[in-house]
Each structure stands twice: as C-alpha cells, then as structure tokens.
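A.B. asks: Here is my input; please provide its structure:
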Amino acid sequence: MVRNCPRFYTMANLVIDHCRFIGSDLEADNCTLVVKNSTFENSVNGHPVGFGGAASLNKVTGVFDHCSFIKNSAYRSGDWNGGSGGAMWVRNSTITLIDPEIRGNKACTGGGLCVIDSTVMVYGGNITDNRAVEVDIPTAKFGGNASAIDIIGNSKAALVGTFAADNHRDHGPSITANSGLCIIGSKVEL
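C.D. replies: Below you'll find the model as predicted:
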C-alpha cells in the first residue's frame with residue numbers, strides 16, 4: 001500500500017506494479033511511466049483546486065495496464081471548490097489505459113478523466129458512475145459537465161471496446177472545437 005506518494009519529476013522509465021494507492025494521489029511530470037495491476041482508491045487531491053483526484057500527469061508518456069480508479073475526487077468543499085479529472089488529469093501527455101476500471105470518481109469537470117492538450121487511448125474496461133459537480137464561484141456557477149470525460153484544447157481521445165455509461169450527466173460530455181473523440185466498438189452514454 002502506498003501512502004503519501006512522492007512526486008515523480010524527470011524520471012525515466014518508472015514502473016509501478018501491483019500497488020494500492022489508498023488516500024494518496026500520484027503526481028508525475030516529464031517522465032515515462034508504466035503502471036500495472038494497481039488500484040487508486042479514496043484519494044482526494046489536496047490542492048484548493050484539484051487536478052487529478054488519483055493521478056495528475058503532465059508531460060508524461062505512460063501506460064496504465066489493468067488499473068482501477070475508484071471513488072477518487074478532485075472536488076473539495078470550501079470557499080472555492082472545483083477541480084478537474086476525478087480519477088485522472090492528463091496534460092501535454094500521451095497515455096494508454098488498458099482495461100481500466102474508472103468508477104465512482106468526482107470532479108467539477110471531467111468526473112472520470114480530464115484530457116488537456118494530450119492523447120488518451122482507452123482499450124476495454126469500464127467508465128461508470130462518475131460525477132461532475134456544479135459549484136458556485138463568486139460571480140457564477142461553474143462545472144457540472146463531462147461526468148465521464150472532459151476533452152480540452154488540442155486533444156485526441158479514443159474509446160475502443162470500452163463500456164462508458166451510467167455516469168451522472170447533467171450537461172453531457174465536453175469536447176472543445178480543436179479536440180476529438182473516436183469511439184470504436186464501445187457502448188458509450190457520455
């Protein structure tokens with residue numbers, strides 16, 4: 001079990017296998033990462049505006065093979081509650097998820113995944129029961145969209161043979177104009 005996980009910066013070829021991240025998030029920047037057969041559960045990103053409840057990835061080339069992301073949150077209550085990517089926040093990265101279980105995660109946008117200027121490929125697995133929570137900020141309401149996946153900037157995402165349904169969706173998915181989502185052989189109700 002991993003608690004108080006360190007941040008990984010500019011490390012080459014980091015491999016994590018058969019680990020349980022319980023109440024601890026993984027933060028990686030500018031590295032190559034392979035995570036296999038691991039569980040990320042009950043993590044809450046500690047920043048006032050959280051980025052990635054279980055994993056925050058920036059400039060990472062990575063593979064998550066048979067990993068579970070269950071009941072994580074990038075959402076906090078308080079004076080300013082927000083956050084993106086309840087399970088995973090991906091920025092400027094190329095990430096492949098193989099048979100993931102992304103279930104019961106919560107954020108202001110991208111309850112399951114938030115993808116920014118990145119490429120994310122999901123092969124198989126389930127993206128279910130994730131939630132995007134609308135919050136009040138001093139001048140307006142914010143968020144509450146993209147319960148399963150939020151695709152922002154110049155991003156490309158693909159769901160291949162993936163079950164992505166039964167997410168709490170008040171406002172549907174969010175895909176910006178310069179981004180794209182490819183769906184192949186999947187059941188998708190975003």
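A.B. asks: From residue 166, how far out is the nearest residue to residue 26 once chain neighbours are set aside?
C.D. replies: Closest residue in space to residue 26, ignoring its immediate chain neighbours: residue 55 at 4.6 Å, by C-beta to C-beta, 6 or more residues apart in numbering. The C-beta positions use only the backbone N, C-alpha and C, and glycine is treated the same way. Shown here: residue 55 relative to residue 166, a distance of 22 Å by C-beta to C-beta, to the nearest Å.
A.B. asks: And the closest residue to residue 88 other than its chain neighbours, how far from residue 150?
C.D. replies: Once flanking residues are discounted, residue 88 sits nearest to residue 55: 4.5 Å by C-beta to C-beta, 6+ apart. Distance of residue 55 to residue 150, computed by C-beta to C-beta: 15 Å.
A.B. asks: do the same with residue 95
C.D. replies: According to C-beta to C-beta, residue 95 stands 14 Å off from residue 150.
A.B. asks: Looking at those two, which one has more neighbours?
C.D. replies: Between residue 95 and residue 150, counting by other C-beta atoms under 10 Å, residue 150 is the more crowded of the two (29 against 22).
A.B. asks: pLDDT at the more buried one, what is it?
C.D. replies: We have a pLDDT of 90 for residue 150.
A.B. asks: so which helix or strand takes in it?
C.D. replies: Per DSSP states H and E: residue 150 is located in strand 149-152.
A.B. asks: which strands and helices sit next to that strand?
C.D. replies: Packing partners of strand 149-152 (3 or more C-beta pairs under 8 Å, 6 or more residues apart in numbering; DSSP states H and E): strand 113-116, strand 174-175, strand 180-184.
A.B. asks: Next secondary structure after that strand?
C.D. replies: That would be, after strand 149-152 and using DSSP H and E, strand 156-160.
A.B. asks: In that following strand, which residues are buried?
C.D. replies: Within strand 156-160, the residues scored as buried using 16 or more other C-beta atoms under 10 Å are 156-159.
A.B. asks: Show me which of those residues is closest to residue 66.
C.D. replies: In terms of C-beta to C-beta, no member of the buried residues of strand 156-160 lies closer to residue 66 than residue 159, at 16.8 Å.
A.B. asks: And that closest one, what's its pLDDT?
C.D. replies: Residue 159 is assigned 94 on the pLDDT scale.
A.B. asks: Find the nearest non-adjacent residue to it, please.
C.D. replies: Once flanking residues are discounted, residue 159 sits nearest to residue 186: 4.5 Å by C-beta to C-beta, 6+ apart.
A.B. asks: wait, that neighbour sits on residue 157?
C.D. replies: No. Taking contacts as C-beta atoms under 8 Å, residue 186 lies outside contact range of residue 157: 11.6 Å.
A.B. asks: coming back round to it: need the pLDDT of the residue nearest to residue 26.
C.D. replies: Looking at residue 55, its pLDDT stands at 92.
A.B. asks: Now for it, how many residues are close by?
C.D. replies: 30.
A.B. asks: Over to residue 15?
C.D. replies: 10.
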